[in-house]
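> Show me the folded form of this:
(chains A and B)
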Amino acid sequence: MVHKLTGALTLGAALLLSTSAFAQDKRVVTWNADYDPIPLAAAEALIADFEAANPEIDVVLTNFDHEAYKNAIRNFLTADPPDLANWYAANRMRPFVEAGLFADISDVWANNGLMDSLASSVLSSTIDGKQYAIPYTYYQWGIYYNRDAYKAAGVDVPGPEGVTWDQFLANCEKFKAAGIDCVTTGSSALWPVAGIFDYVSMRTNGYQFHSDLAAGKISWTSPEVAAVFDNFGKLQPYVTANHAAIDWQDAAALLVQGKAANYVMGNFAVGVFKEGGMTNDNLGFMVFPEITPGIARAEEAPTDTIHLTSGAKNPEDAKTFLAYMASAEAQTKWNGAVGQLPTNKNASVDAADPFLTAGFQALSTATGGIAQFWDRDADAEYAKVGMEGFQQFLVQPDQRDAILERLEAARTRLYPQ
Amino acid sequence: MFGVYVLWPIIQSVTLSFYDWDGLYNKDGEFMGRFVGMGNYSELMTDPAFETSLWNNLKWLVLYMLALPIGLFIAIFLNQTVRGIRLYKSLFFFPFVISQVVVGLIFAWFYAPNFGLFYLLTENVFGQGTAILADPDLVTYGIIAAGLWPQIAYVMILYLTGLNNVAPDQIEAARLDGAKGWRMLWYVVLPQLRPATFIAVIVTVIGALRSFDLVSIMTNGGPFGSSRVLSYYMFEMALGEYGFRMGYGAAIAVVLFLIMMVFISGFIWKMWRDEKER
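Numbers count the residues shown, from 1 in each chain, chains lettered A, B, ... in the order given. Take a look at the predicted model:
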């Protein structure tokens, strides 16, 4: 409710702004986005640069509250489509593509050589052989840890290469003895548990298996899934109790305060950790430990995208802007300001930021593959059932069989065999 | 007006409940749904989440009725002529003035693990804090308690106005006949409060059935769906982030509508009977 209200307010404010913009005699490109303050400022800086280079085009950005946007987009795409709209890659854009609401922009990809420069994101931007998205940023997931908590519990601080799974669990035992949560998470919004599950699954059986699992091709009663839940169960006793009632930001506070040692999270959390007072000296990053030896390492890196809508009033100028957003120059600037990773391989990363360099390193050496995240790889409804199951398992591990049965029932219903 | 705002939406929801539709029109504005007949309903029958929601709705209905005796008790307690009683009355009425969203937030903090007052309290008493909203067995009761807080205030104000209309001469006569305490309440005051009780039951039943905002604010139906109620599950399925199954949501809405119809027709029947007696 609160979210909706702020969304409506921003919409109202933006409408006022946009009417004043119409007063100038320029070709207008409208863009609906869902940015927090820092990304918003970065986007506005990009727009300023773009308008300086293309003085006849006026890009009008309407910003929505992040949560409210997820509902708003469904209305404005049919009722009052802007030229450009923010959304997410892979399965998350599929409903809009299938309803014909996002336009095919394969020509933008072809004309600007994006197949090469955005090579890592071709798969996640493509549906049925056509491109529907311009990926402009992604960010790595991994384990963020508090070095002070490691010292307080007398555990060796992991190096940049991380630790082995056995070592990680042994560390957890020590943290438990010291009264520190080894792994923290805040799952009231469900998705944070999916991050942990994804990694356990990918490290146990590899990328292809995980991808098939998210696509509903693998039975939840198979021995491979049993192996995943065995490993998930080894982690379970060390996860923050009551995580189901707290937000991910509350769990971030636990890490900052040293009440928790590790946090499986995306790189966007670094800003929150630093606001809480952590610095590059006591905040560390490592990739999730290897579980089954010899499996090619896969990582999670959800991609944010911009789309051309089918109802766009000014598609030509909008495509010019899309090409600009795909460029190395724009992506270096935006991602530098926001602290995320550019998808354009010619773009550069701020070398002074240890988390970005580590993330860039982790993703560029992930030979197993790049997953988008459970709720983007899996179909929406399947994703939700899955995440509820993961959350329940972390709260009630004794319900494992019931959970797996329920997931299997959902799978056979959603993907008839 | 009745046709446009009441009948038409009902017809639309019922129609929609026979379709499988993700809520999107294509760019030419054509409906993209697929007719599935009773498919949504047969799926509901085997849906464990639907069963949980139904049970939780029942818990809400039963426990919400507690608002009646408690509200009556407070109303009688406040129905005296003491200096400054108006101030006390307004203080007791205060929870109802606050928006449900704020009530939800306050109680969510109250229950919050690690720093919530309730958590710290249980930690001091039992040595182990209880995070109500993380416990699948307790979470619904925790939310109902939050809902009762303003609901009691509402019932109280209904009874306070009712008590104003209690005929003093009857009380006087009863007192002369030697009626006191519970007997006075049961045989003399309560019968005169019947209209107030009737309204109070109606608003409480409706309050329990539309218990959406508190669930949404406090838990989002979690942990893993154990605090869902029908109205929230409907929202989740039709409009939630991972939902957008309009037909399935509409089917839940129809079921909720039928449950409400049972109560509503009961009330209408009673009102009709009362009218005829006059």
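
> From now on I want contacts and neighbour counts done on CA atoms only, so please keep to that.
Will do.

> give me every residue that touches residue B:209.
Residue B:209 sits next to B:57, B:60, B:61, B:231, B:260 when contact means Cα atoms under 8 Å, 6 or more residues apart in numbering or on different chains.

> and if we set it to 7 Å?
Neighbour list for residue B:209: residue B:57 [criterion: Cα atoms under 7 Å, 6 or more residues apart in numbering or on different chains].

> What of the one 10 residues further on?
Contacts here follow Cα under 7 Å, 6+ apart; on that basis residue B:219 touches A:188, B:133.

> quick one: contacts of stretch B:261-278?
By Cα under 7 Å, 6+ apart, no surrounding residue is in contact with stretch B:261-278.

> List the buried residues of it.
Under the neighbour-count criterion of 16 or more other Cα atoms under 10 Å in any protein chain shown, stretch B:261-278 has B:264, B:267 buried.

> Now it: average pLDDT?
The average pLDDT within stretch B:261-278 is 85.

> How about stretch A:335-343?
Stretch A:335-343 shows a mean pLDDT of 88.

> What segments of chain A are strands?
Along chain A, counting by DSSP state E, strands occupy A:27-33, A:57-63, A:84-88, A:126-127, A:130-131, A:134-138, A:141-146, A:181-184, A:260-266, A:283-286, A:298-300, A:303-308, A:369-371.

> so which of those comes closest to residue B:102?
Nearest of the strands of chain A to residue B:102, taken as Cα to Cα: strand A:57-63 at 25.8 Å.

> picking that back up, just so I know, which of the strands of chain A lies nearest residue B:159?
The closest of the strands of chain A to residue B:159 is strand A:57-63. By Cα to Cα, the value is 48.0 Å.

> avg pLDDT for that closest one?
Strand A:57-63 comes out at a mean pLDDT of 95.

> Up against chain A, what does the stretch 51-200 of chain B have?
Residues of the stretch 51-200 of chain B found near chain A (Cα under 7 Å from any Cα of the partner chain) are B:113, B:131, B:133, B:134.

> which one is the last one nearest to, not counting chain neighbours?
Which is residue B:134. Sequence neighbours aside, residue A:245 is the residue nearest to residue B:134 in space, at 4.6 Å (criterion: Cα to Cα, 6 or more residues apart in numbering or on different chains).

> Would you agree the one you found is in contact with residue A:185?
No. Between residue A:245 and residue A:185 there is no contact under Cα atoms under 7 Å: 10.3 Å.

> quick one, which of those two is more surrounded?
Of the pair residue A:245 and residue A:185, residue A:185 is the one with more neighbours under other Cα atoms under 10 Å in any protein chain shown, namely 30 against 26.

> Just give me the neighbour total for the residue nearest to residue A:243 when sequence neighbours are not counted.
Distances taken as Cα to Cα, 6+ apart place residue A:186 nearest to residue A:243, at 4.7 Å, with adjacent residues excluded. As a burial measure, residue A:186 scores 25 neighbours (other Cα under 10 Å).

> cool, and residue B:97?
Residue B:97: 12 surrounding residues under other Cα under 10 Å.

> Report the separation between the nearest residue to it once chain neighbours are set aside and chain A.
Spatial nearest neighbour of residue B:97, excluding adjacent residues (Cα to Cα, 6+ apart): residue B:150 at 8.0 Å. Applying Cα to the nearest Cα, to the nearest Å, the value for residue B:150 to chain A is 19 Å.

> Please identify the helix or strand for residue B:150.
Under the criterion DSSP states H and E, the helix or strand holding residue B:150 is helix B:139-164.

> pLDDT on that helix, on average?
Averaged over helix B:139-164, pLDDT sits at 92.

> Please apply the same query to stretch A:410-417.
86.

> same thing with stretch A:346-361?
For stretch A:346-361, mean pLDDT is 86.

> Alpha carbons of that stretch, in CSV - could you do that?
What follows is stretch A:346-361, C-alpha atoms only, in CSV (Å, rounded to 0.1, in the frame of the first residue of the first chain):
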residue,chain,number,x,y,z
ASN,A,346,34.6,-3.3,-23.9
ALA,A,347,33.5,-1.3,-20.9
SER,A,348,35.7,-0.9,-18.0
VAL,A,349,35.3,-1.4,-14.3
ASP,A,350,36.5,0.8,-11.5
ALA,A,351,39.7,-0.9,-10.4
ALA,A,352,39.6,0.8,-7.0
ASP,A,353,36.4,-1.1,-6.0
PRO,A,354,37.5,-4.5,-4.7
PHE,A,355,34.0,-6.0,-5.0
LEU,A,356,33.5,-5.0,-8.6
THR,A,357,36.9,-6.3,-9.6
ALA,A,358,36.3,-9.5,-7.7
GLY,A,359,32.9,-9.8,-9.3
PHE,A,360,34.2,-9.1,-12.8
GLN,A,361,36.9,-11.7,-12.2
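
> which parts of stretch B:71-86 are buried?
Those would be B:71, B:72, B:74, B:75, B:78, B:79, for stretch B:71-86 by 16+ other Cα under 10 Å.

> cool, and stretch A:99-113?
By neighbour count on 16+ other Cα under 10 Å, the buried set for stretch A:99-113 is A:99, A:100, A:101, A:102, A:103, A:104, A:105, A:106, A:108, A:109.

> just those residues that are near chain B?
With Cα under 7 Å from any Cα as the criterion, those include A:99, A:100, A:101 near chain B.

> Pick out the lowest-pLDDT one from these.
For these, the weakest pLDDT value sits at residue A:99, with 88.

> That one touches residue B:23, doesn't it?
No. Checked against Cα under 7 Å, the pair residue A:99 and residue B:23 is beyond contact range at 10.0 Å.

> What are the contacting residues of stretch A:387-403?
Outside stretch A:387-403, the residues that touch it by Cα under 7 Å, 6+ apart are A:190, A:191, A:193, A:194, A:233, A:236, B:224.
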